[in-house]
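A.B. asks: Show me how the following folds:
(chains A, B, C and D)
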2 protein chains.
Amino acid sequence: MKIDSEHLEILAMIVERGGLTEGAEALGKSQPSVSRTMALLEDRVGAPLFEAGKRPLRPTELGENLARIGARIHALNAEASRLVQSYRKGHTGRLRIAGTPIFMDGVVSTFIADFQTRRPEVQIAQSYGYFDQLTASLRNGSLDMAIVPLHPSGVPADMSFVPLLPGRNVIAARAGHPLMRRGAITLADIEPYPWIAPPADSPLFRDLQRALKSIGKEEFRVSFSGGTLASIISILAGSDALTVLPYSVVFLSRKTAGLDALRLKIEHPDRQLGMLSLDGATPPPALRQFAGFLADEFALLQARIQHEGQVTQRRG
Amino acid sequence: MKIDSEHLEILAMIVERGGLTEGAEALGKSQPSVSRTMALLEDRVGAPLFEAGKRPLRPTELGENLARIGARIHALNAEASRLVQSYRKGHTGRLRIAGTPIFMDGVVSTFIADFQTRRPEVQIAQSYGYFDQLTASLRNGSLDMAIVPLHPSGVPADMSFVPLLPGRNVIAARAGHPLMRRGAITLADIEPYPWIAPPADSPLFRDLQRALKSIGKEEFRVSFSGGTLASIISILAGSDALTVLPYSVVFLSRKTAGLDALRLKIEHPDRQLGMLSLDGATPPPALRQFAGFLADEFALLQARIQHEGQVTQRRG
DNA sequence: TGCTAATATTGCTTTGCGTTATGAAGATAG
DNA sequence: CTATCTTCATAACGCAAAGCAATATTAGCA
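C.D. replies: Just a heads-up that it's a prediction; the model follows:
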């Protein structure tokens, strides 16, 4: 004896409105329709839901109790509708984002924070990884979007890539570093200082090797390696060590972390930092929202970086 | 965009069971049926509820959230079914019972108490009234059953009457009353004592008049009138007053209230105390339960009364 | 690669909901 | 008490959807 929840909702509305006709109107249905539905429900329940021979249709004890339940069901159903609406607009959902650690910590996470104040119902699960692992996760559906440095030619065939920033790297040190005051820096100037290296399997580590090689430095002394951005910044701040970081990271950490970039041009890899996502799957609508937000924010960031560069050049 | 609650319940079951096939089985439906239902729901929702290309069908974030709501709807629906079941068996409901005050207070209320320990979900609204008022209430649906003294010929055509006890009245006084020790009582013996009278519009008051006339007493001194049984008992207990009460009331109050019946035969009206109910209307199922219970209890009571009578006679 | 089990699709029937048109009956006012 | 209004019930019919069996498809796995 299964009762149709819809019937209970209709019953609830009739009781709430105090009459079948008004209930039907409120439900947007015809009066005969709900009349028959109630007759059917009474049949199945096997007991009268309305007092017989009363014209402004009044519920019996049982009818009232069932109506109470119907009202609660209606509330739940409406909640489901709201959930779906919200989800479709991208205002609700769970996003699984991953990317290379330094860039995620140094840049993306601050934008995520902004996004979450705007869309608090979107929960974001952030994790870290490098290219191979990230593409695998995208393919098996355990990740919605990856943020990686990538050369346009390296985009897998089954994925799309939206560039956010050029992948320009700089040599970073603490703001008060002895080398900071120098106008032009030579290889010899750099020689005495130890290096902090990103994890050996990271693209940034390879960038570091290539960058130093590009300015003629084949060997370098690593005083610290493998840490997250937070520990790298701590160590940079408390020592005269150098490291290679994306310029955007240095730019955003300048003031808060007392970091700066050395006036030394190094080869920057021909890559772009951008958003990578799988083509086939239906993306969560929240992803569109988030991707759009990131694109906007990064455009702004790039403008700020360029403006700063001009000012510096003019001053320098 | 209204979502079918049934669909949400199905979704919940699939998620709970961890697979479409098992969900279908648990629901007692065929696998294709629930498969298509879910396809339809996904269509309407406009977003995937299950991860694409996963064989033990796993819900998406949205699917899981909707399933949670579905589970709550299912619980409510089941609650409704239980309510209906319970109601149909007469284990739940509201009964509106009314009757003549003395008899309700003295006899019926104790049985109501017993019934309620057995069926705590049945709520009983008790009220008081005399014949005309009670039949009117029965007819307009504001009363489910009346308990009244009635001659079989007086049963209205549109009602049924189930007798419970003969309407035998006795003259009652406190157990230690001077007249109690006497074997045979004459009219002269009664003369000195004042009377307590029921409300003047009650059948019991007319009974009192008739009873006294039947033993030749036309005039009597009324020292108190109009009270409920509780006050009548108090006054009887604290004085040597006499009154007329149904024997069943005296019988049940004997021990607790220190009441007894005088050894003086009076004319008892040719009426039966019984249950009166309207024929046409569908009675609440709980009424059957209650009426059956009362019939049983009164049969027992009558047996106890008869047994007591025999013992007393043998002793007397 | 090929097997197995899970899910999707297809074709068909039945059920129930929606509508409009119309009938019956309680409520109400004079 | 009857005339009238309002409210609810019934009838007839089309359509959407749910049910089932049979069958195709595909992910997981050895």
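A.B. asks: What number of residues are in the vicinity of the residue of the stretch 51-200 of chain A found nearest DNA strand D?
C.D. replies: Residue nearest to DNA strand D within the stretch 51-200 of chain A (Cβ to the nearest atom of the strand): A:Leu57, separated by 3.2 Å. Yep, even glycine has a C-beta here, placed from its N, CA and C like the rest. Counted by other Cβ atoms under 10 Å in any protein chain shown, the residues lying close to A:Leu57 total 20.
A.B. asks: Can you name the residues that contact it?
C.D. replies: By Cβ atoms under 8 Å, 6 or more residues apart in numbering or on different chains, the residues touching A:Leu57 are A:14, A:19-20, A:50.
A.B. asks: Wait, A:Phe161 touches A:Gly274, no?
C.D. replies: Yes - between A:Phe161 and A:Gly274 there is a contact at 5.3 Å, judged by Cβ atoms under 8 Å.
A.B. asks: of these two, who's got more company?
C.D. replies: A:Gly274 (23 against 18).
A.B. asks: Surely that one forms part of a strand?
C.D. replies: Yes - secondary structure assignment places A:Gly274 in a strand (DSSP: H, G, I helix; E, B strand; the rest coil).
A.B. asks: For it, give its distance to A:Thr110.
C.D. replies: Taking Cβ to Cβ, to the nearest Å as the measure, A:Gly274 falls 17 Å from A:Thr110.
A.B. asks: does the longest helix along chain A come close to chain B?
C.D. replies: The helix that spans the most residues within chain A, counting by DSSP state H, is helix A:285-315. Yes - against chain B, helix A:285-315 shows contacts by Cβ under 8 Å from any Cβ of the partner chain at A:Pro285.
A.B. asks: Show me what that helix is packed up against.
C.D. replies: Helices and strands touching helix A:285-315, by 3 or more Cβ pairs under 8 Å, 6 or more residues apart in numbering or on different chains; DSSP states H and E, are helix A:61-88, strand A:93-99, helix A:109-118, strand A:122-128, strand A:145-150, strand A:159-166, helix A:247-253, strand A:272-278.
A.B. asks: So which of these is nearest B:His177?
C.D. replies: Checking those against B:His177 by Cβ to Cβ gives helix A:61-88 as the closest, at 46.8 Å.
A.B. asks: List the contacts of stretch A:279-294.
C.D. replies: Residues outside stretch A:279-294 that contact it (Cβ under 8 Å, 6+ apart): A:87-95, A:97, A:108, A:111, A:114-115, A:118-119, A:122, A:124, A:141, A:144-145, A:158-160, A:162, A:164, A:275, A:277, B:47-48, B:52, B:60-62.
A.B. asks: What helix or strand is A:Glu196 located in?
C.D. replies: In this structure residue A:196 is Ile, not Glu. Element membership for A:Ile196, per DSSP states H and E: strand A:195-197.
A.B. asks: any shared contact partners between A:Phe161 and A:Gly274?
C.D. replies: Counting by Cβ under 8 Å, 6+ apart, the shared contacts of A:Phe161 and A:Gly274 are A:Leu150.
A.B. asks: Excluding chain neighbours, give the residue nearest to A:Val122 in space.
C.D. replies: Of all residues not flanking A:Val122 in the chain, A:Ala286 sits nearest, at 4.8 Å (Cβ to Cβ, 6 or more residues apart in numbering or on different chains).
A.B. asks: same deal with A:Phe251?
C.D. replies: If the residues on either side of it in the chain are set aside, A:Phe251 comes closest to A:Ile305, at 5.6 Å by Cβ to Cβ, 6+ apart.
A.B. asks: mind listing what that neighbour touches?
C.D. replies: Residues near A:Ile305 by Cβ under 8 Å, 6+ apart: A:247-248, A:251.
A.B. asks: quick one: which of the residues you listed is most hemmed in?
C.D. replies: A:Ser248 (25 neighbours).
A.B. asks: Tell me who's in contact with that residue.
C.D. replies: A:103, A:106-107, A:165, A:168, A:273, A:301, A:305.
A.B. asks: let's see it at 7 Å
C.D. replies: A:107, A:165, A:301, A:305 (Cβ atoms under 7 Å, 6 or more residues apart in numbering or on different chains).
A.B. asks: Give me the neighbour count for the residue nearest to the second one when sequence neighbours are not counted.
C.D. replies: Which is A:Leu165. Nearest residue to A:Leu165 in three dimensions, chain neighbours excluded: A:Leu273, at 4.6 Å (Cβ to Cβ, 6+ apart). By the criterion of other Cβ under 10 Å, A:Leu273 has 22 neighbours.
A.B. asks: In terms of helices and strands, where is A:Phe224?
C.D. replies: Here A:Phe224 sits within strand A:222-225, counting by DSSP H and E.
A.B. asks: Tell me the first helix or strand C-terminal of that strand.
C.D. replies: Next along from strand A:222-225, by DSSP H and E: helix A:229-237.
A.B. asks: From the chain's centroid, how far away is that next one?
C.D. replies: Distance of helix A:229-237 from the chain centroid (Cα atoms, centre = their mean, to the nearest Å) equals 25 Å.
A.B. asks: do stretch A:43-56 as well
C.D. replies: Here stretch A:43-56 is found 54 Å from its chain centre; the criterion is Cα atoms, centre = their mean.
A.B. asks: can you list the weak-confidence ranges in chain A?
C.D. replies: A:1, A:281, A:309-316 (pLDDT under 70).
A.B. asks: So it: which segments form each domain?
C.D. replies: Per the record, chain A has its domains at A:5-88, A:93-166+A:271-315, A:169-261, by automatic domain parsing.
A.B. asks: Which of these sits closest to B:Leu262?
C.D. replies: domain A:5-88 (45.1 Å).
A.B. asks: so does the closest one get close to DNA strand C?
C.D. replies: Yes - contact of domain A:5-88 with DNA strand C (Cβ under 7 Å from any atom of the strand) involves A:6-7, A:28-30, A:32-34, A:36-37, A:40, A:53-56.
A.B. asks: What lies in contact with stretch A:64-74?
C.D. replies: Contact with stretch A:64-74 is made by A:5, A:8-9, A:11-12, A:15, A:49, A:59, B:5, B:73, B:76-77, B:79-80, B:83, as judged by Cβ under 7 Å, 6+ apart.
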